[in-house]
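A.B. asks: Predicted coordinates and the sequence they were generated for:
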Amino acid sequence: MTQTNMASCPVHQNFDPLADSYVADPYPTLSAVRDEVPAFYAPAIDMWVVTGYDDIEAVLKDPGTFSAAVGQRPVFPLTDEAKAIIKEGFHASPVMSDCDPPKHTRIRRHNLKGFSARRVSVLEPKVWAKATELVDAIRPGQVDLVSALAYPLPAYMIFTFIGFPDEDMDMLKSWCGNRIAFSWGRPSPDEQRDIATNMVHYWAYCEEFVARRAAEPVDDFTSDLIRIHQDDPSALSLEEITNVAYGLSFAGHETTTNFTGNAIRRLLLNPEQWDAVCADRSLIPAAVEEALRFDSSITAWRRITTRAVDVGGVEIPADAKVLLLLGAANRDPKYFEEPEAFDIHRGDVRAHLSFGKGIHYCIGAALARMEARIALDLLAQRAPKMRMVEGQDLTFPANISFRGPRRLLVDWPE
Ligand code: HEM
């Protein structure tokens, strides 16, 4: 760590969340930088990085100083070819995670109704039914639990919640492709072109879908939003509803796939805790919470400053891109006893910041928790003897925010 010529801002030349070693396991770095300094500048990504629980929480609670506008922007400049494809056919605009008040407040209010505890509990039988169907299809032997369960379950749930027809599922999933790499990674020029092309297809699909629902609303979340629009077009425009469908189908899918993979992995890496969960399934909600703290699917999130500001004694200039290390906050010893230990019996787990805090707090938190809980419950019932395949080479997508194993091989017992 060195000092910049900017007053009192440390610089970390080696901090690079896209480095292979960080992608493979970010936690040693996350804890080391948190213990070293509250905030620093990272030239590798041109961002100011905030490391500790208190400072990250304060940033999340101050949307006036820390705008969310940068949340979905590509970290690195796009090629001219990718920019041209996007300009021609992809017209998304901020509605929630990358939107600031007052627009954010108006749009979020209508969306929250769809994700209330009551609405989510209505979905519970559907999650059980889909998860049961997926687990029933598993045969003894080596199984990849990401493709067998962690991927299809949240995808099916969020797509049907939005109202996308069943028969479009495979096409939609293929278009989802690698959107994480596009906005949070460093995709090659060819990858940028392919992802941008898929985003254009996806966007056109969402526009047509919303137009169809506007002509004929049915019983789904998009139709609920259409009814709000029809009662009062100034409450929510059709273009905003299209953006919500586009955004939710991503936010409600990749995050939970990655998280379910992380949760299963952490339990199987601690076989005595997996055995405890199988013996007493009432421990599952606590196991889900500890997995959220210990190995969340979002390790970092972004903001951009609207003015110069002091964070933990470090000066961050106006217009600075800021990276909040949620994964470091979740292991901050100030809030968690023995933070580097995975322990489903800990009492302090609820304080984790995995779903954020403040006005952008994750609207899908209850749904994500429920999907992971049901997936673990079924696995505990059907395959208490399952173990991770030893010696497998786990790989994780290279990006600054999202983390989960691409495949997770287990030995599924007879
Ligand atoms: C374990 C899974 C999940 C994790 C770890 C996660 C994490 C997060 C985090 C950290 C934020 C706050 C971002 C910020 O402060 O700017 C957020 C916001 C959001 N999440 Fe999630 N999420 C998950 C699942 C879901 C699901 C299932 C959905 C949808 C059904 C969803 C929809 C959203 C939306 C729309 C926002 C933006 C809310 C706003 O800006 O007002 N998330 N999520």
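C.D. replies: All right, it came through fine.

A.B. asks: next SSE after the host helix or strand of residue 276?
C.D. replies: Residue 276 is part of helix 271-279 when elements are defined by DSSP states H and E. Per DSSP H and E, the first helix or strand lying C-terminal to helix 271-279 is helix 284-294.

A.B. asks: residues in contact with that next one?
C.D. replies: 259, 262-263, 266-267, 273, 277, 330-331, 336, 342-346, 349-350, 352, 354-355, 369, 372-373, 376-377, 380 (C-beta atoms under 8 Å, 6 or more residues apart in numbering). (C-beta placed from N, C-alpha, C; glycine too.)

A.B. asks: Name the next helix or strand downstream of it, please.
C.D. replies: Sequence-wise, the next helix or strand downstream of helix 284-294 (DSSP H and E) is strand 301-305.

A.B. asks: Could the C-alpha coordinates of that following strand be exported in CSV?
C.D. replies: Extracted in CSV, the C-alpha atoms of strand 301-305 (Å, rounded to 0.1, in the frame of the first residue of the first chain):
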residue,chain,number,x,y,z
TRP,A,301,-21.3,-3.7,-5.0
ARG,A,302,-20.8,-0.3,-6.6
ARG,A,303,-21.7,3.4,-6.1
ILE,A,304,-20.5,6.7,-7.5
THR,A,305,-19.9,9.8,-5.4
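
A.B. asks: Up against the ligand, what does the stretch 251-400 of the chain have?
C.D. replies: 251-252, 255-256, 259, 296-298, 301, 354-356, 360, 362-364, 367-368 (C-beta under 6 Å from any ligand atom).

A.B. asks: repeat that for 5 Å
C.D. replies: For the stretch 251-400 of the chain, the residues in contact with the ligand (C-beta under 5 Å from any ligand atom) are 251-252, 255-256, 259, 296-298, 354-356, 360, 362-364, 367-368.

A.B. asks: With the stretch 1-150 of the chain instead?
C.D. replies: 96-97, 108.

A.B. asks: helix, strand or coil for residue 143?
C.D. replies: strand (DSSP: H, G, I helix; E, B strand; the rest coil).

A.B. asks: How about residue 114: what's its closest non-neighbour residue?
C.D. replies: residue 221 (4.7 Å; C-beta to C-beta, 6 or more residues apart in numbering).

A.B. asks: Tell me, how many residues neighbour that neighbour?
C.D. replies: 22 (other C-beta atoms under 10 Å).

A.B. asks: Over to the one 3 residues further on?
C.D. replies: The number of residues packed around residue 224, counting by other C-beta under 10 Å, is 18.

A.B. asks: Apart from its neighbours in sequence, what residue is nearest whatever residue of the chain ends up closest to the ligand?
C.D. replies: Per C-beta to the nearest ligand atom, residue 364 is where the chain lies closest to the ligand, at 2.0 Å. Leaving aside its chain neighbours, residue 364 sits nearest to residue 252 (5.2 Å; criterion: C-beta to C-beta, 6+ apart).

A.B. asks: Quick check: the one you found vs residue 67, distance?
C.D. replies: Applying C-beta to C-beta, to the nearest Å, the value for residue 252 to residue 67 is 24 Å.

A.B. asks: the more surrounded of those two?
C.D. replies: Per other C-beta under 10 Å, whichever of residue 252 and residue 67 has more neighbours is residue 252, with 23 against 19.

A.B. asks: Ignoring the adjacent residues along the chain, who's closest to residue 88?
C.D. replies: Leaving aside its chain neighbours, residue 88 sits nearest to residue 200 (7.2 Å; criterion: C-beta to C-beta, 6+ apart).

A.B. asks: The one you found reaches residue 84, doesn't it?
C.D. replies: No. Distance between residue 200 and residue 84: 10.8 Å, which falls outside the contact criterion (C-beta atoms under 8 Å).
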